[in-house]
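In: predicted model follows, preceded by the sequence.
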Amino acid sequence: MSDAEIELLGARLRLWPFTVSDISDRYLSWLVDDEVNKFSRRLGKPPESAENVRTWLASRAKDEQVFAIHAPDLGHIGNVKYGPVNWSNLAADISILVGEVRSWGQGFGAEAIYLVSKHLFIDRKINRLSAASINPAFIHMVEKLGWQREGIQREESRICGQFYDSVLLSMLKRDFRIMPHYEAAAGHE
């Protein structure tokens, strides 16, 4: 089964492939929300249209996957993306957007990153995942999952007149640990 058909189940979340049916007005509003994008490369860019997102989805590499994150009572709260995969080195980048502000601070981002990491390490046999971020919340979140800091690009980004360091983080397959509190309960459907 390809990742375009797979669903990842966690303790509270369901992740499934992001498709054109997930491109809602709510989703598009996240892409232009200054609070949601404060630490994003999208900040200050023109609004995305549904057509632009459809084009982007169609142009992804075959080993690049976006999962829609679905939380109980909130529905689609964001997306988590990996790839493209460097199969020679068994490595991939990972990124996340949790656009539904009502879901912030509840651990949904950590669970989504955990689920995709587990899938890539165990099912796809990836050896290394990495991410670069200026977002203090993201950095803290992945470090709690066991990711390691590898380097810093000092004052790499400027937001509202303030400079932020970009932190490169990674996790290796040998460092990944099962975290029962993110696992789906037996019979979770």
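Out: Yep, it's here. Numbering: from 1, shown residues only.

In: need the pLDDT of W56.
Out: Listed pLDDT for W56 reads 86.

In: next one: the lowest-mean-pLDDT helix or strand in the chain to chain centre, how far?
Out: Lowest by mean pLDDT, DSSP states H and E among the helices and strands of the chain is helix 50-59, with a mean of 88. In this view, helix 50-59 has its centroid 18 Å away from the chain centroid, taken as CA atoms, centre = their mean, to the nearest Å.

In: contacting residues around it?
Out: For helix 50-59, the external contacting residues (CB atoms under 8 Å, 6 or more residues apart in numbering) are 18-20, 23, 27-28, 31, 66. Quick note: C-beta positions are derived from backbone N, CA and C, even for glycine.

In: could you find the lowest-pLDDT member of the residues you listed?
Out: L31 (88).

In: spatially nearest residue to it (excluding sequence neighbours)?
Out: E48 (4.6 Å; CB to CB, 6 or more residues apart in numbering).

In: now that the one you found has come up, it's in contact with L28, right?
Out: Yes. Contact between E48 and L28 holds when scored by CB atoms under 8 Å: they sit 6.1 Å apart.

In: I96 is in contact with S117, correct?
Out: No. In this structure, S117 is not within contact of I96 by CB under 8 Å, at 11.1 Å.

In: about what we covered before: just flag the most distant two among the contacts of helix 50-59.
Out: Spanning the widest gap among the contacts of helix 50-59 are T19 and L31, at 16.5 Å by CB to CB.

In: the more surrounded of those two?
Out: Higher neighbour count among T19 and L31: L31, with 18 against 12, using other CB atoms under 10 Å.

In: helices along the protein, start to end?
Out: Secondary structure of the chain (DSSP state H): helices at 25-30, 50-59, 108-118, 136-144.

In: pick the most deeply packed of the ones you listed.
Out: Ranked by average neighbour count under the criterion mean count of other CB atoms under 10 Å, the helices of the chain are headed by helix 108-118 at a mean of 24.

In: give the burial count for S21, as a bare number.
Out: For S21, using other CB under 10 Å, the count is 8.

In: which residues touch it?
Out: Per CB under 8 Å, 6+ apart, neighbours of S21: none.

In: at 10 Å instead, please
Out: S21 sits next to 68, 76 when contact means CB atoms under 10 Å, 6 or more residues apart in numbering.
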